[in-house]
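> Need a 3D model of the following:
(3 chains)
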Amino acid sequence: MDFITTLINGLSLGGIYAMIALGYTMVYGIAKMLNFAHGDIIMVGGYTIFVVLGLSGNPILATVAAIIVCVVLGVTIEKIAYKPLRGASPLAVLITAIGVSYLLQSLAQIIFGSAQKIVIVADMGTVTLGSVSISVSTLVTLGCTVLVMVVLTLFVKFTKTGRAMVAVSEDRGAAQLMGINVNRIITITFAIGSALAALAGLFYLMKSPGLTTTLGAMPGIKAFTAAVIGGIGSVPGAMLGGILLGVVECISYKITAIAPYTDAIEFSILIIILLVKPTGFLGKKRREKV
Amino acid sequence: MIRGKNIKWKDFINYAVIAVVTIIFGSLSVTGNLASSTQFLLEKMSIAILMAISLSLVVGFLGELSLGHAGFMCVGAYLGGKVAAVLAQSMGNSIVTLILSVLVGGAVAAVCGVVIGLPALRLKGDYLAIVTLAFGEIVKSIFQNTSFESFGGTLGLSTPRYDKKVLFIIGFVLVIICLAVIQNLIRSKHGRAITAIRDNEIAAKAMGINVTKYKLLAFTVSACFAGIGGVLYSWSNYTVQSSNFGYNYSIEILVMVVLGGMGNINGGILAATLITYLNTTLATVLTGDLAVLQNLVYALILIVIVIYNNSPALKSFRERYNLKALLHKIKLVKHDPMRVKDDEAVWDRVPTKIAMDEILSVDTKVRTSVAEKGDPYESEGED
Amino acid sequence: MKHNTFNKITAVLMAVVMLATGCLLSACGGDKNYAANNTEFVIGMSGPLTGGAAIYGVAVKNSAQMAVDEINAAGGLNGVMFKLVATDDMHDATKVATNYANLYENGMQVSLGTVTTKPGLEWKNLSVDDNVFFLTPSASGDAIPANANGFQMCFADGNQGKVAADYINQNFAGKTIGVFYKSDDPYSAGIYQQFKANLSSSVTTVEAVFTDANTTDFSTQIDTLKDCEFIFMPIYYQPASIFMLQAKDKVAANAVYYGCDGLDGIASAEGFDINSIPQEVSMLSHFDSNATTGAAKEYIDKYVAKYGADTLNQFGASAYDCVYAIYNAMKAAYEADNSSISVTMSASELCEVLKAQFNGSFSYSGVTGQNISWDSTGYVQKTAIRYVVKPAASNEN
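I've put the predicted structure just below:
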């Protein structure tokens, strides 16, 4: 019974990791950059929810506002900070992303101060199945994550924009020659990624009501790890990696003797998986040609 | 590069500059004329330079992204620091203690370098990057959970501090040693093998280069000097706390390497110096209520510099008005015509045909201009 | 070619020489009295003004500034004003050396040390060379006041762990209690270790830990602790408030949460309604941020009026006391001997004066306690009070 509870806790945490990892993986797959500022967009989403919830008291309105703010922010960052570097070394973009991350964090501290804010989005209670009780927010998180995953997969497979995204991720130069507006596709990708970050911020606050300016940092890294475990660039892979990481984390915290080593255990699992499967579970193998 | 009788002094100017700086500040310090804030700043600079040069070998020359460089430093700091703490009880803070701790810290970190180099044989690009990041976090977590008696646990390991009047001199001596090893490695045939792997691994393999050997070599040497940087850190602080070696610090070192220009050691040294100086100055100037602006200013400077330096759109602008051109005008910077101009790590390992032509054409241009006019920048400067 | 290279080397050399001379001219000598040109007493401090721990640093900076302003408004010490210089260490020990050196070289004569323990371990050693007095409001590590120039206003971690263990030994012999702590935090782990060492063997513990990487989702830990009726949590209030919210339906409503001084501030945490928690919340502390009487109430009113309730916590209260304690000690020394205090005296001279006071019969009454005195190590001697922040819901009705 204990194990089942731990497993459910793990699923619930994993759902959040998966949601963040989906955003990471989208941006990475298409723009080919590690967007280190992704975690901080989650933080911005969280603060937007905090502000709008405080003004209106309506969680749905707050979520919509957070999505809008994050999308606008994500696209703006892309236009100002990343677009000038298109064609430059990916490392330069990585460093800019880190700069953006610092920038967002310090702006948030200037605006909102350093104290932790408690944000209670909605008290949804729990449902009891047999002897196991699951909170409704867990179910909502998992449901939404699966839904988003399915929608994203379908979007990529069956819409024109989605196909264009695949084309850009396969070969940007060739895609451009085929008449795809690469800049537009990348902007759309950032918009989707940022909307996912806003949702992740919502689920994060539903699970854990503490809001700080560094909120996105560690979940961001964990989700990046999850995305790599699943195979970076793969949408179902991000889901798989996120869930796996969440479950491992909860099991590890459950066992007192190894609990302090939880981080080490999670990262060791990553290394082991990559040594066995160098591109993660569902990652694509790329053949190199000379 | 030493080619026959034609010894180019320019290749040694970085040693000269560091040596002169060290001698001047060292003599000021030993005679008691240097404030401790300057001493601390110089210590930090020497550590930052060590870290930047050593990371530059892996990122700039081998072309692998490493986000766990602080992990090697952590290993060096803890083990070197432990050796120092144990030996200092019987031998005091002598130079012998310091040398022994440097050797131990460097050696253990080098072993870790081999361990991390092994996955590098199988993994590529960002996958390797996340493994190095994971390594750094694992090392951090392990040292954090040690017992108080062994490595200090959460409070950190108490280490002896070396005389602040002398420590930065030792730091710069270590920098010169590191520079000598890495610069000579890069300029040797081994170095050319390493850059060949970066530019095209498959082609390098086809040419008979032992990729395994050279990847491990680069990782080991890099980790060893990061470990030595860690030992230096342990001597310049009273406690070694593993929380300081997280991925944030690894990224800070990476920023230095990238800002300095990939595959440009002198640039890395300059960037490490300037970033350390900038951080210290911001911390000194922005106190009290203004402290919150520190990160903001740092972030803005970072973004602007990276975009300015790397944006393809600003290329022509950059070529006319950059620091190098400015320095050339006042004849400070050496120009090494033998250095391949486009010496940046290429991440998509296989350059497209067009990109390849571009690289080649740049190369030819440099060579012809050299053949015609000698140093192309000199004529500009004399106008 | 050769000629050119020499030119370049000469140019670089000249630049460096100029730099070094500039450095000399700006008077960065070795051992000298940097306070010789002071026109006011300079109090220095280093704390996390930004980053994850900023709330503590900001509280200390604000409160210390408030005390300095009050002292100055009342005429300072014999007409000489005080000045506070607060530097930011981001809770990072590597930044302390620079902060310390800059403060010292800009005339710092006395200091509040650091706000948190990790940077404090550096400060303690740096300040001993120059003999700079420090009275830290909140760096509670056991080793912080080890040197003669260091004193604490807060309780040392080990002391808190021992007092908590005594309380539990008396009240919970033969029972099972829960312990919830942060394994990678020196404050939390420090209290926990002393607590464990002093706990009688008749008390059984159920333990759950969390780390810096996970300060928000406590479902697993709650699952471990859910059957405990008494949970000892030597942690800071931010994770505690999240824990309580997540656990409110899972842990028995009559359970008791018992924390140390880090828990202070929980009742006023923004957005957190402590009355929505059915369990009793209590803590061992020197300051109650819900105080309705006495000096604590006065301090709270002044602080909230000036800086808002956002950063109100025991760190600030302690810092307020630190500044007044230093002021009172200087004043006592001045009244005993007019020549013992001057505005241009060096940090080391002032340190000797203050050490004589703090190791002597000097005592101080303020926001965080009455008749506070210090033992020879520098540990504070005052009473820790068990505050019930919020009684259990059933008691209320």
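
> what are the ranges of the strands in the chain?
Looking at chain A here, since you left the chain open. Secondary structure of chain A, counting by DSSP state E: strands at A:117-118, A:126-129, A:132-135, A:210-211.

> try chain C instead
Secondary structure of chain C (DSSP E): strands located at C:41-47, C:82-88, C:110-114, C:133-136, C:150-152, C:176-182, C:204-210, C:230-233, C:256-259, C:280-285, C:364-366, C:369-374, C:380-381, C:385-390.

> closest one to chain A among the ones you listed?
Ranking these by their distance to chain A (criterion: C-beta to the nearest C-beta) puts strand C:204-210 first, at 4.8 Å. Glycine gets a C-beta too; all of them are placed from N, C-alpha and C.

> and the closest one, average pLDDT?
Strand C:204-210 comes out with an average pLDDT of 86.

> Can you tell me what sits against it?
The contact list for strand C:204-210, computed with C-beta atoms under 8 Å, 6 or more residues apart in numbering or on different chains, reads A:253, A:256, A:259-260, C:175-183, C:196, C:199, C:218, C:220-222, C:224-225, C:227-228, C:239.

> Now, the residues you listed that are in helices?
Secondary structure from DSSP state H places A:Tyr253, C:Lys196, C:Thr220, C:Gln221, C:Ile222, C:Thr224, C:Leu225, C:Pro239 of the contacts of strand C:204-210 in helices.

> Dump the residues you listed into a markdown table; add neighbour count as well.
Below are the ones in helices among the contacts of strand C:204-210 laid out as a markdown table (neighbours: other C-beta atoms under 10 Å in any protein chain shown):
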| residue | neighbour count |
| --- | --- |
| A:Tyr253 | 29 |
| C:Lys196 | 14 |
| C:Thr220 | 25 |
| C:Gln221 | 25 |
| C:Ile222 | 22 |
| C:Thr224 | 22 |
| C:Leu225 | 23 |
| C:Pro239 | 24 |
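
> Nearest to C:Val60 among those residues?
C:Pro239 (20.2 Å; C-beta to C-beta).

> Skipping its backbone neighbours, what lies nearest A:Lys277 in space?
Excluding the flanking residues, the one nearest A:Lys277 by C-beta to C-beta, 6 or more residues apart in numbering or on different chains is A:Gly283, at 7.7 Å.

> Need the phi and psi values for that neighbour.
With angles defined as degrees, to the nearest 10, A:Gly283 sits at phi -70, psi 150.

> That one: how many residues sit nearby?
Burial of A:Gly283 is recorded as 21 neighbouring residues (other C-beta atoms under 10 Å in any protein chain shown).

> okay, the residue in the stretch 251-397 of chain C positioned nearest to chain B: pLDDT?
With C-beta to the nearest C-beta as the measure, C:Tyr307 is the residue of the stretch 251-397 of chain C nearest to chain B, at 11.0 Å. In this model, C:Tyr307 is scored at 88, pLDDT.

> just checking, it touches C:Asn62?
Yes - the pair C:Tyr307 / C:Asn62 is scored as a contact, 4.7 Å apart, by C-beta atoms under 8 Å.

> Comparing the two, which shows the higher neighbour count?
Comparing C:Tyr307 with C:Asn62 by neighbour count (other C-beta under 10 Å), the higher total belongs to C:Asn62, at 23 against 18.

> ok, now which ones touch the more buried one?
The contact partners of C:Asn62, by C-beta under 8 Å, 6+ apart, come to C:Tyr303, C:Lys306, C:Tyr307, C:Thr311, C:Gly316.

> any weak-confidence spans in the stretch 1-150 of chain B?
For the stretch 1-150 of chain B, the stretches with pLDDT under 70 are B:1-10.

> Please enumerate the helices of it.
Listed in chain order, the helices of the stretch 1-150 of chain B (DSSP state H, counting those that start in this stretch) span B:13-30, B:36-56, B:69-91, B:95-122, B:125-144, B:148-151.

> and those helices as TSV, adding distance to chain A?
Output for the helices of the stretch 1-150 of chain B, formatted as TSV (distance: least, C-beta to the nearest C-beta, whole Å):
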stretch	distance to chain A
helix B:13-30	23
helix B:36-56	12
helix B:69-91	11
helix B:95-122	5
helix B:125-144	4
helix B:148-151	14
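
> what's the closest of these to C:Glu122?
Using C-beta to C-beta, those put helix B:36-56 closest to C:Glu122, at 10.8 Å.

> is the closest one up against chain C anywhere?
Yes - using C-beta under 8 Å from any C-beta of the partner chain, helix B:36-56 comes into contact with chain C via B:Ser36, B:Ser37, B:Thr38, B:Gln39, B:Phe40, B:Leu41, B:Lys44.

> Of these, which is the nearest to C:Leu103?
B:Ser37 (9.3 Å).

> For the closest residue to the closest one other than its chain neighbours, give me its contacts.
Spatial nearest neighbour of B:Ser37, excluding adjacent residues (C-beta to C-beta, 6+ apart): C:Ala101 at 3.6 Å. C:Ala101 sits next to B:Ala35, B:Ser36, B:Ser37, B:Gln39, B:Phe40, C:Leu126 when contact means C-beta under 8 Å, 6+ apart.
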